[in-house]
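Peer 1: model the following, please.
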Amino acid sequence: MTTYSRSFRSSPHRDARETWEAVVDLLTQGKSGAARTELLAVGGTAASVIADQAPKDAAIVVTCDGPRTRVYCLYDDNAIDGSDAKEDTLGYDPLKGDWSVSLPCQAEDLDWVNAALIKQSNRVTARDSKQAVGTEGGKSAVSAPLVINPEGFLGS
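Peer 2: Predicted structure coming up:
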């Protein structure tokens, strides 16, 4: 699966809410509609996650029927300097078809963040920022041990 990344300047260049609105502009390509309304509805909760600097090292991950999009935030001197920022538009619709957004979150905040998100959206969820996307119980399918059946292998 193809993945594209963007990095947004956050605090102190923008406050957390303005950062989320810039991310929403990217994802919705500046168009109004149901997706924009839904993403803006979770703005307070998303801003809280951004203010906690969770998307500094763990991406906000957007999946759809097309390429995956990863969004990171820059903070402090990196946000002021802006040389690592990449906020340009995407060459595809990141909310095409069946889309979802996964927000990274500090483990101790995960319960309340997910509870707040579900009240506004069934497409935007939170995950522990230390957990890789697409994992269950903290274990990635990629990190599972390889088991070889020698009889099946040699019998072919």
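Peer 1: please count neighbours and contacts with C-alpha atoms only from this point.
Peer 2: Fine.
Peer 1: roughly how far does the residue nearest the centre of the chain sit from K31?
Peer 2: Residue closest to the average C-alpha location in the chain (C-alpha atoms, centre = their mean): I60, at 1.6 Å. To K31, I60 is 20 Å away according to C-alpha to C-alpha, to the nearest Å.
Peer 1: ok, T19 next?
Peer 2: 17 Å.
Peer 1: which of the two has more residues huddled nearby?
Peer 2: Here T19 and K31 are compared on neighbour count by other C-alpha atoms under 10 Å; more neighbours surround T19, at 23 against 12.
Peer 1: which one is that one nearest to, not counting chain neighbours?
Peer 2: The shortest distance from T19 to any non-neighbouring residue, by C-alpha to C-alpha, 6 or more residues apart in numbering, is to S10 (5.6 Å).
Peer 1: was I right about that neighbour contacting A16?
Peer 2: Yes: when contacts are counted by C-alpha atoms under 8 Å, S10 is listed as touching A16 (6.4 Å).
Peer 1: which helix in the chain runs the most residues?
Peer 2: Counting by DSSP state H, the longest helix found in the chain is helix 16-28.
Peer 1: residue ranges for the helices of the protein, please.
Peer 2: Taking DSSP H as the test, the helices found in the chain are 16-28, 34-41, 43-51, 76-81, 110-120, 150-154.
Peer 1: over the longest one, what's the mean pLDDT, rounded is fine.
Peer 2: Think helix 16-28. Helix 16-28 carries an average pLDDT of 98.
Peer 1: tilt between that helix and helix 34-41?
Peer 2: Taking axes from the mean of the first three to the mean of the last three C-alpha atoms, to 10 degrees, one finds helix 16-28 and helix 34-41 inclined to each other by 170 degrees.
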